[in-house]
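[1] Give me a model of this one.
(chains A and B)
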Amino acid sequence: MASKDNKRRRTGLIFFPAFDWAISPSHPEREERLLYTQDQVFEEGLLDFDNIHEFKPGLATTADIDRIHICVPEARSVVTESHLISAGGAITAAQKVLSGEVDNAFALVRPPGHHAMRIVHGARGFCNVNIEAIMVEYIRKHYGPKRIAIVDTDCHHGDGTQDIYWHDPDTLCISIHQDGRTLYPGSGFPEEFGGPNALGMTINIPLPPRTSDEGFLYVLEEAIMPILAEYKPDLVINSAGQDNHYTDPITNMRFSAQGYARLNEILAPDIAVLEGGYSIEKALPYVNLGIILAMAGLDYSSVREPDYHAEALRQNDQITRHIETTVGQVMQLWKKRREIKKTLVGDARYVKRNKRVYYDTDGISEQQEETVRICDDCGGLVMIDSFADTGRRIFAVIVPGQSCPVCRQEGEAFFDRMEKGRYRHIYFQDRDRDIYIAK
Amino acid sequence: MILGIDVGGTHTDAVLIEGFKIRKKAKIPTDAAHLLNSLLQVATEILAGEDPGKLQRVVLSTTLSTNAIVQDKVERVGMVVAGGPGLSPELLPRIPHTFHVAGYVNHRGEIIAEIDREEIAAVGEKLRREGIGRLGIVGKFSTRNPAQEEQAAAILSKDFGHASLGHRMSGRLNFRRRIETAYLNSAVWDIHQRFVTDVLQFVRGQGIEAPIYILKADGGTFDLAGSADYPVQTILSGPAASIMGILGMTKYDDDAVALDIGGTTTDIAVFADGAPLLENLGVTIEGHKTLIRGLRTRSIGLGGDSAVRYEEGQLRVGPQREGPAAALGGPLPTVTDAMIVLKRTALGDENLAAAALAPLAERMGRSVADTAEIIFAEACGKIAGAVRSFVEEINNEPVYTIHEMLEGKVIAPKILHVMGGPALAMADPLGEMLACRPVIPPHSEVANAVGAALARTTAEVSILADTERRRLTIGEEGTQMEIPSRYTMAQAIAVGEEKLREKALAMGARKEDLEIEVVESQEFNMVRDMYMAGKNIRVKVQIKPGLISGFARGQSL
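    Below you'll find the model as predicted:
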């Protein structure tokens, strides 16, 4: 797939390997993770191309985090400097794209963020805060309301991003991942389809283990691209995990560097943000090379892993048929998304959901009850009662972005009335007015 | 007694320094067609009546190889390139007579695909038939394992006298630049070789026994005879000479900026804590991005002779030069004319300058004096703006650790060194604009020769110790050695220092100038299948650009 010069785009690269930060010395999320990627990117001389520009990441602030998360007890206590730089790197990528300095940008930063949910009691799936969500809300705050599509191509279900945008009709979250019955975090089935005010704004496409390039590209062309074409987002963000690679040590897929490059060429994200990917020596150098070349519109046809063997990686017919069935099911749901609301919601004014969240990285369990106001005019007022086994119980009142006056008034009134009682803290978050209060 | 000579584009300067005092200066116009003649002439002139036996060292700086590249008077070079998968060959530097051959080393230095001996022999045969006598042999990641470049060189050595091997050019990673650098090294190899032979012959003929050095782009010197295999290191040594000259003539250890304001351009250099900054990867010459260590400079199109125009309601200063100042017989008003009107310089005919500015003044609806003031302010403003953005760019350079991100050095210049024709006129206003103390170094008319004379030998060594593979590689030296699995950072640094010492001494360094600095030391745990498999240790040591010892900074020359 030789790209010609006329397809060249100005690509921003925010590279922050955090060579002095690890979750623990032998953790997959350790200093070494992007070392060989750096070697490859430097050796190939990518930064010498006129259309590839490297930028130093900025530092995100706790205000950037408070715009989207409810951190318990507060943002500063759940993040380290490295999270602020990683989220800051994503924000820098967005700034460079939205200011027109570059056409697209790739935040090759760590640590990742897509397992971090709205309420944060600790770290889960190596993530503390959701760097894409922090970036998305930064964009909305500084560049106005936007319809944004996040396509999560990490091998693990992007459950954090899904949780954050579950009720948001202006954010389309599509996640493709290895089937949750075979991999952490165990969720991400097609039936998880968005909250009552945002049906169809969450799309999950689980893939069977051993899916190869063919299967990924089929899903891209037969589901993701048609859905995006209909949704017409202002921005497309690739939550770009690299753990679908056939050498990844903690997953079971068969995606290749060529496949990743092709995916990014077709998807043409405005911004890509690195998520997982732990085959640090055999995959990441080549996958990142492929992604950067594809984003910059440069020929990636010669990118290949040293041990690549197309025949050995081919997926069997059973997998192909399975994927075709899943895609059919997803597209059916997508087409019927508007009709489903009536049957699902009925006359209810509020809808509750209960869930348990396990913070595997920090070993914390949380019990949550989330209540959303049924609303036809906005994403709906959200209230969350959250109790973690750290002993911390909190309550949060969240007024959505682009909120209607009723949801806001109800939210404000509720927060004013609410007494601390058994709660450690009560939080109020208003995205439109960028207000965050804890009492 | 030290002799320093700089053969520049316009002038050839020489200084004779004794007891760290300038005893004699000489300056002649450069004969562009015969650089060697200029060199010999100025040397003969300055040495007249001197005892050559008293010379302790002779240092040359010359634009010879730079000119050869700029004027494309270089040899044809056959390039043998083993890239393996990755960037498409279409995206590599387009150098004529390039052959892409089999062979592939990965980032760990492991050989993934062998070279094909017959293929390489066939390339050699083809080049020989085309009458190409110089070679460049470059492999991807060859600094991690030089074996394939060496194998190819062995196959081709009988037919080609000299080959530039990529890994020898620099220890840094950048395959495209490695190709460019090896190419340029071979392209100027013959011309430099002849120069070295001629100079040595002359010097010995004069009865000079002292060591002869040549200046490199990084402001360091190396032994002239030893330079023969690495001529590419001498390109762009002119700007390096002038920066080293400033270092020799001033006494500040602060962050500083140096400006060399010429007729057409102004060159900007930056000093951090008194030491000149180096380019991150290497210098760029005529569009060739190289791995040649060089001082970091920025050139802008503004100087004393910059033409001044008033077009579409806007005053434009530079970047073109259409000739000298109107006051000196030039065709258009220039920045210098404005300075003459403002009595900031005593140069030229004041009436001619005022007459040249008069039409501009009329169109602008101002007096001639006001117009001169506006032009002068605009010229200084442009230079100050370029300095600010250069410093900002350096301070915004990406870093890769949290520590550097939060605690990294921020350059805040306090001193402004100004050289060149307009220095006297512009130093004060520029200093005010940049909130720096302006300093005009003495003897700045021979700064380049002074810089060459006093520069010490510089060198760099890059070490990668991979304890899982039990291998230590010194990239630019082509050295690999066994190490035990319990190897430490301290041991790697010790080996680096040892090798650097050896290397610098072989390049002609004096023992007392071996001021070694560790510029990079990183250590990574390598974890495979959840177990600690080894350590990946990376060390870079250097002797940074500086003055020979015995010479106290800013001692009055």
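
[2] Could you use CA atoms for every contact and neighbour count after this?
    Noted.

[3] Distance-wise, check whichever residue of the stretch 251-400 of chain B sits closest to chain A relative to A:Leu35.
    Scanning the stretch 251-400 of chain B for the residue nearest chain A gives B:Pro398, at 4.3 Å (criterion: Cα to the nearest Cα). For B:Pro398, the distance to A:Leu35 equals 15 Å [Cα to Cα, to the nearest Å].

[4] Let me know how buried B:Lys21 is, in neighbour terms.
    By the criterion of other Cα atoms under 10 Å in any protein chain shown, B:Lys21 has 15 neighbours.

[5] Could you do A:Tyr36 as well?
    A:Tyr36 has 19 neighbouring residues, counting by other Cα under 10 Å.

[6] got it, and B:Val439?
    As a burial measure, the neighbour count of B:Val439 was computed by other Cα under 10 Å and equals 18.

[7] so the nearest residue to it once chain neighbours are set aside, which of the three states?
    The spatially closest residue to B:Val439, leaving aside those adjacent along the chain, is B:His417, at 4.8 Å (Cα to Cα, 6 or more residues apart in numbering or on different chains). State at B:His417, reduced to three classes by DSSP: H, G, I helix; E, B strand; the rest coil: strand.

[8] Assess the claim that B:His417 and B:Ala256 are in contact.
    Yes. With contacts counted by Cα atoms under 8 Å, B:His417 reaches B:Ala256, the gap being 7.5 Å.

[9] and the residue nearest to B:Val439, bridged to which residues?
    With DSSP bridges as the criterion, the beta-bridge partners of B:His417 are B:Ala258, B:Val439.

[10] and the helix or strand harbouring A:Ile292, how far from the chain's centre?
    Assigned by DSSP states H and E, A:Ile292 falls within helix A:284-296. Relative to the chain's own centre, helix A:284-296 is displaced by 19 Å; criterion: Cα atoms, centre = their mean, to the nearest Å.

[11] What's the first helix or strand after that helix?
    From helix A:284-296, the next helix or strand downstream (DSSP H and E) is helix A:310-313.

[12] who in chain A is up against chain B?
    Contact residues of chain A with respect to chain B, defined by Cα under 8 Å from any Cα of the partner chain, are listed as A:15-21, A:25-27, A:31-32, A:36, A:39-40, A:42-45, A:54-57, A:81-82, A:85, A:249, A:286, A:289, A:299-306.

[13] what about the residue nearest to A:Thr62 when sequence neighbours are not counted, distance to B:Gly303?
    Of all residues beyond its chain neighbours, the one nearest A:Thr62 is A:Ala75 (5.9 Å), with distances taken as Cα to Cα, 6+ apart. The gap separating A:Ala75 from B:Gly303 is 53 Å, by Cα to Cα.

[14] more neighbours, the two?
    With other Cα under 10 Å as the criterion, A:Ala75 and B:Gly303 differ in neighbour count, and B:Gly303 comes out ahead with 29 against 21.

[15] Thought B:Ile261 was touching that one, still the case?
    Yes. B:Gly303 lies in contact with B:Ile261 (Cα under 8 Å); the separation is 5.7 Å.

[16] Settle this for me: A:Asp159 is touching A:Ser187, isn't it.
    Yes. Applying Cα under 8 Å, one finds A:Asp159 in contact with A:Ser187, separated by 7.1 Å.

[17] For stretch A:119-131, which outside residues touch it?
    Contacts of stretch A:119-131 from elsewhere in the structure, counted by Cα atoms under 8 Å, 6 or more residues apart in numbering or on different chains, are A:23, A:29, A:65, A:69-73, A:78-79, A:83, A:86-87, A:90, A:111-117, A:160-161, A:185, A:358-362, A:364, A:366, A:388.

[18] Please disregard the earlier target; I meant stretch A:400-416.
    Contacts of stretch A:400-416 from elsewhere in the structure, counted by Cα under 8 Å, 6+ apart, are A:145, A:168, A:373, A:375, A:377-382, A:397-399, A:426, A:428, A:430-432.

[19] residue nearest the centroid of chain B?
    The residue at the geometric middle of chain B, judged as the C-alpha nearest the mean C-alpha position with Cα atoms, centre = their mean, is B:Ala217 (2.5 Å).

[20] tell me the contacts of the residue of the stretch 1-150 of chain A found nearest chain B?
    Chain B sits closest to A:Glu43 of the stretch 1-150 of chain A, with a gap of 3.9 Å, by Cα to the nearest Cα. Under the criterion of Cα under 8 Å, 6+ apart, the contact partners of A:Glu43 comprise B:140-141, B:173-176.

[21] tell me which element B:Glu460 falls in.
    Of the helices and strands defined by DSSP H and E, B:Glu460 is found in strand B:459-466.

[22] Show me which residues of chain B sit near chain A.
    Checking chain B against chain A by Cα under 8 Å from any Cα, the hits are B:85-88, B:91, B:106-107, B:112, B:140-141, B:173-177, B:396-403, B:524-527, B:529-532.

[23] now the strand holding B:Glu460, how far from the chain's geometric center?
    21 Å.

[24] Ok, stretch A:145-152 next?
    Computed by Cα atoms, centre = their mean, the chain-centroid distance of stretch A:145-152 equals 10 Å.

[25] can you give me the mean pLDDT across it?
    Confidence for stretch A:145-152, expressed as mean pLDDT, is 97.

[26] cool, stretch A:376-389 as well?
    For stretch A:376-389, mean pLDDT rounds to 96.

[27] The residue of the stretch 201-350 of chain A found nearest chain B - nearest residue in space that isn't next to it in sequence?
    Sorted by distance to chain B under Cα to the nearest Cα, the residues of the stretch 201-350 of chain A start with A:Val303, at 4.2 Å. Nearest residue to A:Val303, sequence neighbours excluded (Cα to Cα, 6+ apart): B:Gly86, at 4.2 Å.
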